[in-house]
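Asker: here is my input; please provide its structure:
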Amino acid sequence: MAAPIRRIGVLTSGGDAPGLNAVIRAVVRSAEIDHGWTVYGIEHGFEGLIGKPSIRTLDSSAVSGLLLRGGNHPRLDQQGPLRDHDDRR
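Answerer: The predicted structure follows:
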């Protein structure tokens, strides 16, 4: 039998999308409050996952007030797959 889920990661890639902050907030709060899981935010798109790792813990305090901000969650920028560091905005 597979081990129970205890940790999940959130990665965004591509470009700004309406409602993305609400989705990130909902995932973090639901995982933490409803399931007791730890959530990791993978920074800098796919580069932060498989290139130069850049991962941080997200909790309810990290996404507090997120619905009032435009764009996407700070530091969870949505870059395409594996851009060079010099190409980052």
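Asker: name the next helix or strand downstream of the helix-or-strand element of the chain with minimal mean pLDDT, please.
Answerer: Least confident helix or strand of the chain, by mean pLDDT, DSSP states H and E, is helix 47-50 with a mean of 86. Next along the chain after helix 47-50, taking DSSP states H and E as the criterion, comes strand 55-58.
Asker: tell me how far that next one lies from the chain's centre.
Answerer: 8 Å (C-alpha atoms, centre = their mean, to the nearest Å).
Asker: can you give me the buried ones in it?
Answerer: Buried residues in strand 55-58, defined by neighbour count with 16 or more other C-beta atoms under 10 Å: Leu58. Where you see a C-beta, it was placed from the backbone N, CA and C, and this is true even at glycine.
Asker: parallel or antiparallel, list what pairs with that strand.
Answerer: strand 38-42 (antiparallel) (DSSP bridges).
Asker: what does the partner strand contact?
Answerer: Applying C-beta atoms under 8 Å, 6 or more residues apart in numbering, the external contacts of strand 38-42 come out as 6-11, 24, 27-28, 31-32, 48-49, 54-59, 62, 73, 75-76.
Asker: just the buried subset of the residues you listed, please.
Answerer: Applying a neighbour-count criterion of 16+ other C-beta under 10 Å, the buried members of the contacts of strand 38-42 are 10-11, 24, 27-28, 31-32, 48-49, 58, 62, 73, 76.
Asker: looking at those, which are in helices?
Answerer: Judged by DSSP state H, those include Ile24, Val27, Val28, Gly48, Leu49 as members of helices.
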